[in-house]
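Undergrad: mind folding the following:
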Amino acid sequence: MTATLPSKISPGMVEVRVDSASEIDGALNAAIAEIRSAATRYRTGVMVTRTGPGRYIVRAHPAVPYGLIRQQQ
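TA: Now for the predicted structure:
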């Protein structure tokens, strides 16, 4: 079982890759914690986008109201 912890793509954006479904929650929570300061600084919410099996992009996103987390496929 291996999870790739969030890797920064750019400020306010990280990529998450996991090998098993049991790793998703922990890896996404770590990614959200990683970009929380950027979301606060820019007063945006957080968008979690599934880009493929076990692959996600987590980013501060202006379309999401401040303080909220949204998910899209």
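Undergrad: can you give the contact residues for stretch 54-73?
TA: Applying C-beta atoms under 8 Å, 6 or more residues apart in numbering, the external contacts of stretch 54-73 come out as 6, 9, 12-20, 24, 27-28, 31-32, 34-35, 38-39, 42-51. The way it works is simple: take the backbone N, C-alpha and C, and place the C-beta from them, glycine included.
Undergrad: show me which residues of it are buried.
TA: The neighbour-count check on stretch 54-73 (16 or more other C-beta atoms under 10 Å) flags 54, 56-61, 64 as buried.
Undergrad: just the buried residues of the contacts of stretch 54-73.
TA: Buried, going by 16+ other C-beta under 10 Å: 6, 12-18, 27-28, 31-32, 34-35, 38-39, 44-48, out of the contacts of stretch 54-73.
Undergrad: in strands only, show me these.
TA: 6, 13-18, 45-48 (DSSP state E).
Undergrad: bridging residues for Q71?
TA: V48 (DSSP bridges).
Undergrad: how much space between the nearest residue to V64 once chain neighbours are set aside and I24?
TA: Among residues not flanking V64 along the chain, G45 sits closest, at 2.8 Å (C-beta to C-beta, 6 or more residues apart in numbering). Per C-beta to C-beta, to the nearest Å, G45 is found 20 Å from I24.
Undergrad: likewise for A39?
TA: Distance from A39 to I24, by C-beta to C-beta: 20 Å.
Undergrad: using the three-state scheme, assign the residue nearest to the spatial centre of the chain.
TA: By C-alpha atoms, centre = their mean, the mean C-alpha position of the chain lies nearest to V58, the distance being 2.3 Å. The local conformation at V58, judged by DSSP: H, G, I helix; E, B strand; the rest coil, is strand.
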